[in-house]
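1. Need coordinates for the following:
(one chain, ligands or ions: 1)
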Amino acid sequence: MYAYLKIFGMILPMKKFKFILLIISFLPTLFFAKSISLQEEAFAFGNGELAILEFEKDSIDKLLDNNRSLRFVAHPTNDKMKIVFYPISYYKTSNINLEMLVKDSKFPLALNVKPKEYKKEILKVEASKATPSEEISKRIKAEAEEAGKIYSIVTNQRYWDSPFIFPMESEITSGYGNARVFNGVVKSYHAGTDFRAPIGSSVYSTNRGKVVLAKDRYLAGLSVVLDHGEGIYSCYFHLSQTDLQVGDIVEKGELIGLSGNSGRVTGPHLHFSIVINGTAVNAVHAIGAINALFH
Ligand SMILES: [Zn+2]
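-> Below is the predicted model of the structure:
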């Protein structure tokens, strides 16, 4: 289910009510058929999901998040609308209060966040990898910082103009959001989607983008990260092989490399993730939400 917020014009100061607005469209539209009272629920976004906020171009001047102005980007198929990609962090479990700035007046816009019930996953790995040495810890930290720096960059250019695809057709063996318990200790949550993939399976680009990282890393193994522009990144980890180099432009569906079992893994698979504005979101949900803009 993708909850969408669509706002068309009509933000009018009123006597009693601050404003009237909001024509909300839900996908699937099935929700309309069921009952209007489902609105609240359909409106709710889950933590770890990508909220896409659509505004008629002239309806709003700025959208503020704690006084920080959020970035409007072009709607991929409707030039009357502008959109904001608002990734909701895994750790965000309370409502998000935004403000719309319209001709010097501010109006509240609350995003209802309904925490998802993510699973706990018990994993057993070599003790040396679960509690790494000081030297390894340094490497892990440096690699995390390098990645964080990359994800924080918002490229103005949009590299893609068509729907996103999955990097392979295979069974998902571990979804986004599972809490990872390594040797009895909760270490993190799963920020990606794992696909069943014997070593050597072809991995394809989810959409057109530019290679911004292609190297071997301690946890993620041989990794490729693509910048799709406007803060959207896709990541392909634990590969056995890639010929890509930083700076390469990759077309949608182009071969990224071959899957493998490099890095910290319990077995061969492809770990695929999408990071938007520095926040890792559920890639399956995010792809669905972005692609729905093309319907
Ligand atoms: Zn994974």
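2. Tell me the buried residues in stretch 159-173?
-> The neighbour-count check on stretch 159-173 (16 or more other CB atoms under 10 Å) flags 159-160, 163-164, 166-168, 170 as buried. Heads up, the C-betas are built off the backbone N, CA and C, glycines and all.
3. Next: stretch 204-224.
-> Those buried within stretch 204-224 under the rule 16+ other CB under 10 Å are 204-214, 217-224.
4. Can you read off the pLDDT for Glu145?
-> What the model reports for Glu145 is a pLDDT of 97.
5. how near is it to the ion?
-> For Glu145, the distance to the ion (CB to the ion, to the nearest Å) stands at 20 Å.
6. And the helix or strand hosting that residue, what does it pack against?
-> Remark: Glu145 resides in helix 134-151, with elements defined by DSSP states H and E. Applying 3 or more CB pairs under 8 Å, 6 or more residues apart in numbering; DSSP states H and E, we find helix 134-151 packed against strand 209-217, strand 221-229.
7. Alongside the ion, which residues does the chain contribute?
-> Taking CB under 5 Å from the ion as the measure of proximity, the chain contacts the ion at 192, 194, 271.
8. Would you convert these into a markdown table that also reports pLDDT, secondary structure and neighbour count?
-> As requested, the residues of the chain next to the ion are exported to a markdown table (pLDDT from 0 to 100; DSSP: H, G, I helix; E, B strand; the rest coil; neighbours: other CB atoms under 10 Å):
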| residue | pLDDT | secondary structure | neighbour count |
| --- | --- | --- | --- |
| Gly192 | 96 | coil | 23 |
| Asp194 | 97 | strand | 23 |
| His271 | 98 | strand | 26 |
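9. Below-threshold pLDDT in the stretch 1-150 of the chain: ranges please.
-> Residues of the stretch 1-150 of the chain meeting the criterion pLDDT under 70: 1-43, 126-130.
10. Recalculate using a threshold of 50.
-> 9-42 (pLDDT under 50).
11. residues touching the closest residue to the ion within the stretch 1-150 of the chain, list them.
-> With CB to the ion as the measure, the residue in the stretch 1-150 of the chain that lies nearest the ion is Glu121; the distance is 10.1 Å. In this structure, Glu121 makes contact with 174, 178-181, 190, judged by CB atoms under 8 Å, 6 or more residues apart in numbering.
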